[in-house]
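Visitor: coords below, sequence missing:
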């Protein structure tokens, strides 16, 4: 069936529906094919009421979608703002470096800061397993947390020394900004 004939057939069915036609079926012939359009026996008032109900339902769906979209947009904007605020909070003024080792011969680390008035640090040994004291050669991380003391730049050397593992030195550049945030950049690493 061509588009024009199809549109005419649909328009004919709509007219029949709105006029309250008594027939239950209407058969349209187009290009050797039969299309069957069924409709119920309704009055013009019922058809108008159905159309009004459908229009009201469509308007309500559209309004709900607009409200949902606007709420989602506002929620997204708010989430982005909160995430940005949280990221700012998460951008700690401290920086942590972790080095792995193990009991019984793993590297021992020595931190040498050229200007200790710019940055300080704490060191903590974190074992991988709670029952580490029952194990031979238990693995752990040496965790160094650096805190800015005053704005400036300084150099730092971390030496790793072990009787059985590789020995190495890592040179870093430490920058403490005006807001006391610490930034650590690796400059070089060499075997010792």
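Guide: It's in. Please read all numbers here as calculations on a predicted model, not as lab measurements.
Visitor: what's next to stretch 99-116, contact-wise?
Guide: 119, 121, 123, 132, 135-142, 144, 152, 154-167, 174 (C-beta atoms under 8 Å, 6 or more residues apart in numbering). Where C-beta positions appear, they are placed from N, C-alpha and C, glycine not excepted.
Visitor: in helices, which of those appear?
Guide: Per DSSP state H, helices hold no members of the contacts of stretch 99-116.
Visitor: where along the protein do the helices fall?
Guide: Using DSSP H, helices in the chain cover 3-19, 44-90.
Visitor: can you tell me which of those the model trusts least?
Guide: For those, mean pLDDT drops lowest on helix 3-19, to a mean of 48.
Visitor: which of the contacts of stretch 99-116 are buried?
Guide: Among the contacts of stretch 99-116, those that count as buried by neighbour count (16 or more other C-beta atoms under 10 Å) are 119, 121, 132, 138, 140, 142, 144, 154, 156, 158, 160, 174.
Visitor: end-to-end on stretch 104-124?
Guide: One end of stretch 104-124 sits 18 Å from the other (C-alpha to C-alpha, to the nearest Å).
Visitor: wait, stretch 146-159
Guide: End to end - C-alpha to C-alpha - stretch 146-159 spans 16 Å.
Visitor: ok, stretch 97-117 next?
Guide: Termini of stretch 97-117 sit 19 Å apart (C-alpha to C-alpha).
Visitor: equivalent analysis for stretch 162-176, please.
Guide: OK, stretch 162-176 end separation, C-alpha to C-alpha: 31 Å.
Visitor: what mean pLDDT does it get?
Guide: pLDDT averaged over stretch 162-176 gives 94.
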